[in-house]
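Build me a model:
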Amino acid sequence: MTSREKAPGGLSVFILGILSISFCPLLGPVALNLGNEYQSRCLLDDLEPDPLATIGRILGIIGTVLLAIQGVFIIFWLFLTCA
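Residues are numbered from 1 along each chain as shown. Coordinates of the predicted model:
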C-alpha cells in the first residue's frame, strides 16, 4: 500500500481557525474559505489533505457560526435600545 503525499499549507488554515474561535470571529469565514480551497486543491492534485487543515476548516465553521450569533445579538441589542 502506498501513502499519498501530504499537501503543504494546512497549518495556516489551522491557525486561522484557532484565532477565529478564540480572539476574532471575523477570521472564521476566512479560515473556512481557505480550508475549502485547500481541500479542492488537494483533490485536484491527488494529494492527501493535512489533518490540521481539516481541523482548521471545522474551527472556521464554528467561528463563522459564532460570528453570525454575535451579529444577531448586536442587531437585537440595537433594536431594543433604539425602540
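
all helices of this protein, in order?
Assigned by DSSP state H, the chain shows helices spanning 10-22, 28-45, 51-82.

ranking these by burial, who's on top?
When the helices of the chain are scored by mean count of other C-beta atoms under 10 Å, the highest mean neighbour count falls to helix 10-22 (a mean of 20). Backbone N, C-alpha and C define where each C-beta goes, glycine included.

which residues touch stretch 49-68?
Applying C-beta atoms under 8 Å, 6 or more residues apart in numbering, the set of residues contacting stretch 49-68 from outside is 6-18, 20-21, 25-36, 38-39, 42.

just stretch 14-25 next, same as before
26-28, 30-31, 34-35, 52-53, 55-60, 62-64, 66-67, 70.

swap the cut-off to 6 Å and go again
Residues outside stretch 14-25 that contact it (C-beta atoms under 6 Å, 6 or more residues apart in numbering): 27-28, 30-31, 52, 55-56, 59-60, 62-63, 66-67.

farthest pair in the residues you listed?
Spanning the widest gap among these are 52 and 67, at 21.8 Å by C-beta to C-beta.

Tell me where the model's unsure across the chain.
Applying pLDDT under 70 to the chain flags residues 1-4, 83.

Mind checking which residue lies nearest the centre of it?
Centroid check for the chain by C-alpha atoms, centre = their mean gives residue 60 as the closest residue, at 2.1 Å.

burial count for residue 25?
20 (other C-beta atoms under 10 Å).

Nearest residue to it in space, please, no chain neighbours.
Nearest residue to residue 25, sequence neighbours excluded (C-beta to C-beta, 6 or more residues apart in numbering): residue 67, at 3.9 Å.

Quick check: that neighbour vs residue 18, distance?
According to C-beta to C-beta, to the nearest Å, residue 67 stands 15 Å off from residue 18.

go on, residue 54?
Where residue 18 is concerned, residue 54 sits at a distance of 13 Å (C-beta to C-beta).

likewise residue 42?
On the measure of C-beta to C-beta, residue 42 and residue 18 end up 21 Å apart.

Ok, residue 61 next?
Distance, residue 61 to residue 18, using C-beta to C-beta: 13 Å.

Likewise for residue 34?
Distance, residue 34 to residue 18, by C-beta to C-beta: 13 Å.
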